[in-house]
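Enquirer: quick one, fold the following:
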Amino acid sequence: MAVFQSEDRQRIRRLRTEKAIQLAMQNRWQEAAEINRGLLEIFPEDVDTLNRLGKSLMELGHYADARAQYQKAAGIDPSNGIAVKNLARLTKLADETADAPAAAVHTKPVDPNLFIEESGKTAVTNLVDVATYHDIATLTAGDKLELKAEQGVVRVFGPSGVVLASLSQKSLSG
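Expert: Numbering: from 1, shown residues only. Alright, predicted model coming up:
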C-alpha cells in the first residue's frame with residue numbers, strides 16, 4: 001500500500017511540475033505560482049519547485065516573496081546555482097517595490113525557439129557601453145530588444161526605450 005501511495009505522490013509531482021512549466025512557457029505566471037505553491041504543500045523542500053515559484057513571483061513583480069523562495073532553496077541546497085544567481089540579482093535591484101506589480105509584465109508567450117541557435121542565423125558578439133546593472137536586471141527572457149544603427153553605431157534598446165548597450169565595432173567589421 002505504501003508503494004502505491006509513493007507512486008501516486010510521484011505521479012502527482014510529475015504532472016503538476018509539467019503543468020507549472022507549461023504555464024510559465026505561456027507567461028501565465030499567476031497560475032504557475034499557484035501550481036507551485038500547491039506542490040510545496042506536498043513537497044515543502046523541493047528546490048526545483050521553490051526556484052519555479054521564485055521565477056513566477058519575480059515575473060509578477062513580487063520581489064520580496066521571490067527572494068524568500070530563493071532563500072529557502074539556497075538554504076536547502078547552498079550549491080543551487082539558480083537560487084544563488086537570482087538572489088544576487090534581486091539583491092542588486094535597487095528600487096525594489098514592496099510587491100508592486102512590475103512595470104512591464106509579459107502578456108505574450110515566449111517562444112522557446114527564440115533560444116535555439118540556428119546555423120547561419122545566429123551570431124555571438126560582445127557588447128560595449130553596457131547600461132547599469134539595474135537596467136539590465138529588470139530584463140527577463142522574452143523581452144523584445146531593438147537594434148538601431150545611429151551614427152555608425154548599433155545600439156541595443158530595451159522595452160522601455162533605454163539604451164542597454166552597443167555592439168562592439170569589432171563585431172560589426174568581422
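
Enquirer: quick one, domains of this protein?
Expert: Under the assignment automatic domain parsing, the domains of the chain span 2-92, 113-173.

Enquirer: would you list these in CSV and tack on mean pLDDT?
Expert: CSV is the format used below for the domains of the chain (pLDDT from 0 to 100):
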stretch, mean pLDDT
domain 2-92, 91
domain 113-173, 76
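
Enquirer: ranking these by burial, who's on top?
Expert: domain 2-92 (a mean of 17; mean count of other CB atoms under 10 Å). Just so you know, the C-beta spots here come from the backbone N, C-alpha and C atoms, and that holds for glycine as well.

Enquirer: helices or strands up against the longest helix belonging to the chain?
Expert: Ordering each helix of the chain by length in residues (DSSP state H) puts helix 2-25 first. On a contact count with 3 or more CB pairs under 8 Å, 6 or more residues apart in numbering; DSSP states H and E, helix 2-25 meets helix 29-42, helix 47-59.

Enquirer: what's in contact with it?
Expert: Here helix 2-25 makes contact (CB atoms under 8 Å, 6 or more residues apart in numbering) with 29, 31-32, 35-36, 38-39, 42-43, 46, 48-49, 52, 55-56, 109-110, 112.

Enquirer: if you set the cut-off to 10 Å instead, what comes out?
Expert: Contacts with helix 2-25, where a contact means CB atoms under 10 Å, 6 or more residues apart in numbering, come from 28-39, 42-43, 46, 48-49, 52-53, 55-56, 59, 109-112, 142.

Enquirer: check stretch 71-88 too.
Expert: With CB under 10 Å, 6+ apart, stretch 71-88 has contacts from 40, 44-55, 58, 66-67, 69-70, 90, 137.

Enquirer: okay, the angle between the longest helix of the chain and helix 47-59?
Expert: 30 degrees (axes from the mean of the first three to the mean of the last three CA atoms, to 10 degrees).

Enquirer: gap between helix 2-25 and the chain center?
Expert: Per CA atoms, centre = their mean, to the nearest Å, the displacement of helix 2-25 from the mean C-alpha position of its chain is 22 Å.

Enquirer: stretch 38-45 now?
Expert: Taking CA atoms, centre = their mean, the mean C-alpha location of stretch 38-45 is offset from the chain mean by 21 Å.

Enquirer: would you mind writing the CA trace of it as PDB?
Expert: C-alpha atoms of stretch 38-45 as PDB (Å, rounded to 0.1, in the frame of the first residue of the first chain):
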ATOM      1  CA  GLY A  38       0.300  23.600  -4.200                       C
ATOM      2  CA  LEU A  39       3.300  21.400  -4.900                       C
ATOM      3  CA  LEU A  40       5.200  23.000  -2.000                       C
ATOM      4  CA  GLU A  41       2.300  22.000   0.300                       C
ATOM      5  CA  ILE A  42       3.000  18.300  -0.600                       C
ATOM      6  CA  PHE A  43       6.800  18.600  -1.100                       C
ATOM      7  CA  PRO A  44       7.900  21.600   1.100                       C
ATOM      8  CA  GLU A  45      11.600  21.100   0.500                       C
END
